[in-house]
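Undergrad: what shape does this take:
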Amino acid sequence: MSRPTPHPMLTLTDEVATALREGRPVVALESTIISHGMPYPDNVAMALEVEGIVRSCGAVPATIAVLDGRPRVGLTGEDLELLASHPDVVKASVRDLPYVAARGLHGATTVAATMRLAAMAGIEVFVTGGLGGVHQGAATSMDVSADLTELARTRVAVVSAGVKSILDIGLTLEVLETLGVPVLVEGAEEFPSFYSRASGFAAPMRVDGADEAAAVVRATWDLGLDCGVVIAHPVPAEDEIPAEEIGVVIDRALGDMAALGITGKATTPYLLGRIVELTDGSSLATNIALVRANAAYGSAVAVALAG
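TA: Numbering: from 1, shown residues only. So this is what the prediction gives:
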């Protein structure tokens, strides 16, 4: 089944454009993990590996970013090198896209911005590491990720290892319920928490296998619901950091951040980096493992959706 013609503001690689035109499965990938999530050249190696996993599972990868002000869906090797090594890449959420585009800047897209550009291209599945959500202390800071509002209005299925552990997972699930966003958990009765398979919160809806997940996604849109679907794919058991162990580390990182007065969009990069330091790199290894697993599972969902 062919998809709608991509938006004229987008530049697609020939591989992605052909796959979309022919109705073949395509998987969107974000770019903030490349520019703001890992050091160079590890970030390039990881990006290429994840794209390779998607291809090996029968789908076409489409890493999304903004280069020289032009939203790009699918990146070349040279594009990835630029994004990974350039010192002035903006971390771009949805509200930043017009500014980055108008000024001809480079932008690495967050979950929300990647969702929006993926939908404009006609891509139905997006794979990431962890979702944004309601931050700790949001009752006073009002710090709530645009990922949630984008999920409420954009038809893209988002595969992740759950909500990032540094966030208030309970409140995030409450907001997703209020927004009417279906939240699925693959093969488990408990919602995962990024580094851990456990969170203390029940899975809103369980599915078993990519075919079941794809069926729920298709039914969501067939019913006329103009929203995304969260598909939480727990980190592999052999790679997880137990919730009680990572919880102590997160509390310390949050305390360090508060002492430094860090707020806004700088919070997540700081906290993830600090957690890597406090765990002597084990959290980064877990992050890489869950992204690999999500890429394979998300590709299976995309293949099932493409039929």
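Undergrad: phi first, then psi, for residue 22.
TA: Main-chain dihedrals, residue 22, degrees, to the nearest 10: phi -90, psi 0.
Undergrad: what's the burial count for it?
TA: By the criterion of other Cβ atoms under 10 Å, residue 22 has 12 neighbours. Glycine gets a C-beta too; all of them are placed from N, C-alpha and C.
Undergrad: same question for residue 205.
TA: 15.
Undergrad: quick check: it touching residue 177?
TA: No - using Cβ atoms under 8 Å, residue 205 makes no contact with residue 177, being 11.0 Å away.
Undergrad: list residues touching both of these two?
TA: Common contact partners of residue 205 and residue 177 (Cβ atoms under 8 Å, 6 or more residues apart in numbering): residue 183.
Undergrad: list the pairing partners of the strand ranked longest in the chain within its sheet, with orientation.
TA: Ranked by number of residues, the top strand in the chain under DSSP state E is strand 60-67. Strand pairing for strand 60-67, using DSSP bridges, gives strand 26-29 (parallel), strand 70-73 (antiparallel), strand 106-109 (antiparallel).
Undergrad: per-residue confidence averaged over the last one?
TA: Averaged across strand 106-109, pLDDT comes to 96.
Undergrad: and residue 145, its phi and psi?
TA: Backbone geometry at residue 145, expressed as degrees, to the nearest 10, gives phi -60, psi 140.
Undergrad: hang on, isn't it packed against residue 112?
TA: Yes - assessed by Cβ under 8 Å, residue 145 is found in contact with residue 112 at 7.2 Å.
Undergrad: list residues touching both of those two?
TA: Residues touching both residue 145 and residue 112 (Cβ under 8 Å, 6+ apart): residue 132.
Undergrad: residue 237 is nearest to which of the strands paired with strand 60-67?
TA: Nearest to residue 237, of all these, is strand 26-29, at 23.8 Å by Cβ to Cβ.
Undergrad: what's the following helix or strand after that closest one?
TA: As assigned by DSSP states H and E, the chain's next helix or strand after strand 26-29 is helix 32-35.
Undergrad: so the helix or strand harbouring residue 297 versus strand 60-67, what angle?
TA: Assessed by DSSP H and E, residue 297 sits inside helix 282-306. Going by axes from the mean of the first three to the mean of the last three Cα atoms, to 10 degrees, helix 282-306 is angled at 120 degrees with respect to strand 60-67.
Undergrad: which strands or helices does helix 282-306 pack on?
TA: For helix 282-306, the contact count by 3 or more Cβ pairs under 8 Å, 6 or more residues apart in numbering; DSSP states H and E identifies strand 26-29, helix 42-56, strand 125-127, strand 157-160, helix 210-222, helix 267-278 as packing neighbours.
Undergrad: go again using 6 Å as the cut-off
TA: Under the contact criterion of 3 or more Cβ pairs under 6 Å, 6 or more residues apart in numbering; DSSP states H and E, helix 282-306 touches strand 26-29, helix 42-56, strand 125-127, helix 210-222, helix 267-278.
Undergrad: quick check: mean pLDDT of the first one?
TA: What strand 26-29 shows for mean pLDDT is 98.
Undergrad: with just CA atoms, put it into PDB.
TA: This file holds the C-alpha atoms of strand 26-29, laid out as PDB (Å, rounded to 0.1, in the frame of the first residue of the first chain):
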ATOM      1  CA  VAL A  26      10.200   2.300   6.800                       C
ATOM      2  CA  VAL A  27      11.500   3.100  10.300                       C
ATOM      3  CA  ALA A  28      12.200   6.600  11.500                       C
ATOM      4  CA  LEU A  29      15.200   7.200  13.800                       C
END
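Undergrad: neighbouring contacts of that strand?
TA: Strand 26-29 is contacted from outside by 19-20, 54, 59-64, 114, 118, 123, 125-127, 298-299, 302, using Cβ atoms under 6 Å, 6 or more residues apart in numbering.
Undergrad: for stretch 143-152, same thing?
TA: By Cβ under 6 Å, 6+ apart, stretch 143-152 touches 93-94, 111-112, 115, 131-135, 138, 175, 179, 181, 227-228.
Undergrad: chain center to it, what's the gap?
TA: Mean-position distance between stretch 143-152 and its chain equals 12 Å (Cα atoms, centre = their mean, to the nearest Å).
Undergrad: between the two ends of it, how far is it?
TA: Using Cα to Cα, to the nearest Å, the end-to-end distance of stretch 143-152 comes to 17 Å.
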